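J.: structure for this input, please:
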Amino acid sequence: MAKPARTLHGRTVAITGGARGIGKATAAALVRAGARVAIGDLDVDLARATAEELGPDVRAYELDVTSRPSFAGFLDAVERNIGPLDVLVNNAGIMPISPLLEEDDATAVRLLDINVHGVIFGMKEALPRMLPRGGGHVVNLASVAGKAGFPHLATYCATKHAVVGLSEAMRAELRGSGIEISCVMPALVNTELTSGVDAGRGVHKAEPEDVADSIVEALRQPRFEVYVPRSVGRIKRFLDFMPRSAAEALGRLLDSDKVMARADMAGRAAYERRIAGAEPTPLEPAEDPAEQKVA
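T.: Model prediction:
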């Protein structure tokens, strides 16, 4: 018999990278479910505009996920202004496209800082707040790229494999604590991150709302692996039973090895420029820096 769905009404949820894309869609879905939402983003002006658009149950804060003090200040302010943290959604991430040998070292470092260290810092700051209360939920946004390798995305794939491994390890560490871990693995999603990228044969881009709905579902009925769409999980399990040569041949038939190589780089130039300049600058010290960032 299935367990009854958990209510999200009145729950305090913090979302990183919440100003746009999947983060924004997730905030909207959680508000509809009755949660109180804090969105943290390096682009605090856009975060404030998003919070205003989504209504009074959303607050915006400046957040640099590559800085543990910034993360601590963000969650301190969330708990001070909204309530004890129930859910952290580690959503912030970037995806530059290039062959590995053409990728500059600064890009690789930025990928690791945002996509990996940002998730680690989030868990290190959120879990000590949840453990004494014997409950909570951390949702880590990975990708199907965390379960496979795609040409022209080598370092990105490495970061998402790291998120999957981190999530699996922490699920084991936290067993019996009352804290849930979910690892969300979307395929291509129709956001700025995949601008200029066409899906392969027989594959369509999901919408950010599809991912958001899956996150809300996983919070109501906790599960660890969350594929979006769910069919991707079934395909992955099928491929796992095939010999590697056969699985790779099928991938080539579906053009999965060409999707990123064929990306329209002119069509994603604005995104690539934005994330190239996304290297965070230190926050100005203040008596209560996170409090001053409240929208």
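J.: can you tell me the centre-most residue of the chain?
T.: Nearest to the mean C-alpha position of the chain, counting by Cα atoms, centre = their mean, stands residue 91 at 2.3 Å.
J.: right, and that one touches residue 18 too?
T.: Yes - using Cβ atoms under 8 Å, residue 91 is in contact with residue 18, at 6.7 Å. For every residue, glycine as well, the C-beta is placed using N, CA and C.
J.: where do the strands sit along this structure?
T.: 12-16, 36-41, 58-62, 87-90, 136-141, 179-186, 225-228 (DSSP state E).
J.: looking at the ones you listed, which is buried most?
T.: strand 36-41 (a mean of 29; mean count of other Cβ atoms under 10 Å).
J.: okay, and the common contacts of residue 91 and residue 18?
T.: Shared contacts of residue 91 and residue 18 (Cβ atoms under 8 Å, 6 or more residues apart in numbering): residue 26.
J.: can you list the strands of the chain in a markdown table and add distance to residue 160 and mean pLDDT?
T.: Shown next, in a markdown table, are these (distance: least, Cβ to Cβ, whole Å; pLDDT from 0 to 100):
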| stretch | distance to residue 160 | mean pLDDT |
| --- | --- | --- |
| strand 12-16 | 15 | 98 |
| strand 36-41 | 20 | 98 |
| strand 58-62 | 25 | 98 |
| strand 87-90 | 12 | 98 |
| strand 136-141 | 9 | 98 |
| strand 179-186 | 8 | 97 |
| strand 225-228 | 13 | 95 |
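J.: can you put those in CSV and add distance to residue 6?
T.: Below are the strands of the chain laid out as CSV (distance: least, Cβ to Cβ, whole Å):
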stretch, distance to residue 6
strand 12-16, 13
strand 36-41, 16
strand 58-62, 21
strand 87-90, 11
strand 136-141, 9
strand 179-186, 9
strand 225-228, 15
